[in-house]
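>>> output the structure for:
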Amino acid sequence: MWHLEFYEVDVPIHDTSRAQHGVHVFTGKASSVEEALDRARQAYDAAFAARQAGLEVPGQQDGGWGACGVRDGWELDWAAANAGPWSTPDSSTRKKPYEL
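Numbering: from 1, shown residues only. Modelled structure (predicted):
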């Protein structure tokens, strides 16, 4: 059995219509950084698909992963995502601050 730890995945985002920038933070259980990135992406894709279909955005999925802040016009830069073990609410894997 794999040992699961809590991970944080920080994905830079930007609003295409207002030139605003920020970061979307995902947390959940995974066995590696790679799995954490995959699980965060899956959670976002499921939430985005539900919103596009006019359905309620799903809550937390298996392992605690979920995306509740899906907004039209905001694009996530998955290539620039950072991930790492999550230790406290005050810690972050972000290497630099992003403005909201």
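
>>> which of the helices or strands spans Glu34?
Per DSSP states H and E, Glu34 falls inside helix 33-52.

>>> next: Val23.
Element membership for Val23 (DSSP H and E) is strand 20-30.

>>> mean confidence score for that strand?
On average, the pLDDT along strand 20-30 is 91.

>>> so which bits of that strand are buried?
23-24, 26-30 (16 or more other C-beta atoms under 10 Å). (C-beta placed from N, C-alpha, C; glycine too.)

>>> and for stretch 31-49?
Along stretch 31-49, these residues count as buried under the neighbour rule (16+ other C-beta under 10 Å): 35-37, 39-41, 43-44, 46-47.

>>> name whatever forms a beta bridge with the residue nearest to the spatial centre of the chain.
When the chain is reduced to its mean C-alpha position, the nearest residue by C-alpha atoms, centre = their mean turns out to be Phe26, at 3.5 Å. Under the criterion DSSP bridges, Phe26 forms beta bridges with Val9.

>>> adjust the sequence numbering to begin at 308 for everything that follows.
That works, and once the first residue is 308, the last one we named lands at Phe333.

>>> was I right about it contacting Gln349?
No: Phe333 lies out of contact with Gln349 (C-beta atoms under 8 Å); the separation is 10.0 Å.

>>> give me the contacts around the helix or strand Glu382 falls within.
Using DSSP H and E, Glu382 maps to strand 381-383. Applying C-beta atoms under 8 Å, 6 or more residues apart in numbering, the contact partners of strand 381-383 are 318-323, 331, 351.

>>> tell me the helix or strand right after it.
In N-to-C order, the element after strand 381-383 by DSSP H and E is strand 389-392.

>>> I'm done for today, thanks for sticking with me.
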